[in-house]
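Q: Show me the folded form of this:
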Amino acid sequence: MTKASAYVKEIQAKIHEKDQHQPEFLQAIDEFLPTIVPFLEEHPEYIESNILALLTEPERFIQFRVPWQDDQGNWQVNRGYRIQFNSAMGPYKGGLRFHPSVNLSILKFLAFEQIFKNSLTGLPIGGGKGGSD
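A: Here you go, the predicted model:
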């Protein structure tokens, strides 16, 4: 096992331990991390700087309640979230999702994915995602 492979396995294990109840996020991590082993082998300086620990942990996570009154006059309360990854180069960009299935794991996965979508634009922006159930 190369140094890069061992580093990726170590990061994966830490994330699985810490975020064990977030299956969608873990799936994204498990699909992404092995793909960058060749890059890390060519650029060991990123292993030394522990870049994956910074990349895979949200910079900010906000959870809030969204109270609202339905058409019958009954009060409802939903959960709202905003997940933000990496503002090192600029502000966050990412959309909103409103669906009953929305939870922390799904939005964390989508925000993580947004980092890489945004990097393809060439603009100095981090990844983010928000929404409510």
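Q: residues in contact with H16?
A: Neighbouring residues of H16 by CB atoms under 8 Å, 6 or more residues apart in numbering: L26. C-beta here means a position set from N, CA and C on the backbone, and glycine is covered the same way.
Q: ok, then the element right after the strand or helix carrying it?
A: Assigned by DSSP states H and E, H16 belongs to helix 3-18. Per DSSP H and E, the first helix or strand lying C-terminal to helix 3-18 is helix 23-32.
Q: sorry, back to before: output the helix holding H16 as CSV, nothing but the C-alphas.
A: Taking Å, rounded to 0.1, in the frame of the first residue of the first chain, the C-alpha atoms of helix 3-18 are listed here in CSV:
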residue,chain,number,x,y,z
LYS,A,3,1.6,6.4,1.3
ALA,A,4,-1.2,8.0,-0.6
SER,A,5,-3.5,5.0,-0.3
ALA,A,6,-2.8,4.7,3.4
TYR,A,7,-3.6,8.4,3.8
VAL,A,8,-6.9,8.1,2.0
LYS,A,9,-7.9,5.0,4.0
GLU,A,10,-7.1,6.8,7.2
ILE,A,11,-9.2,9.8,6.2
GLN,A,12,-12.0,7.5,5.2
ALA,A,13,-12.0,5.7,8.5
LYS,A,14,-12.1,8.9,10.5
ILE,A,15,-15.0,10.2,8.4
HIS,A,16,-16.9,6.9,8.8
GLU,A,17,-16.4,7.0,12.6
LYS,A,18,-17.4,10.7,12.9
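Q: and the angle from that helix to helix 23-32?
A: Between helix 3-18 and helix 23-32, the angle comes out at 180 degrees (axes from the mean of the first three to the mean of the last three CA atoms, to 10 degrees).
Q: taking the mean pLDDT, what do you get for helix 3-18?
A: Mean pLDDT, helix 3-18: 96.
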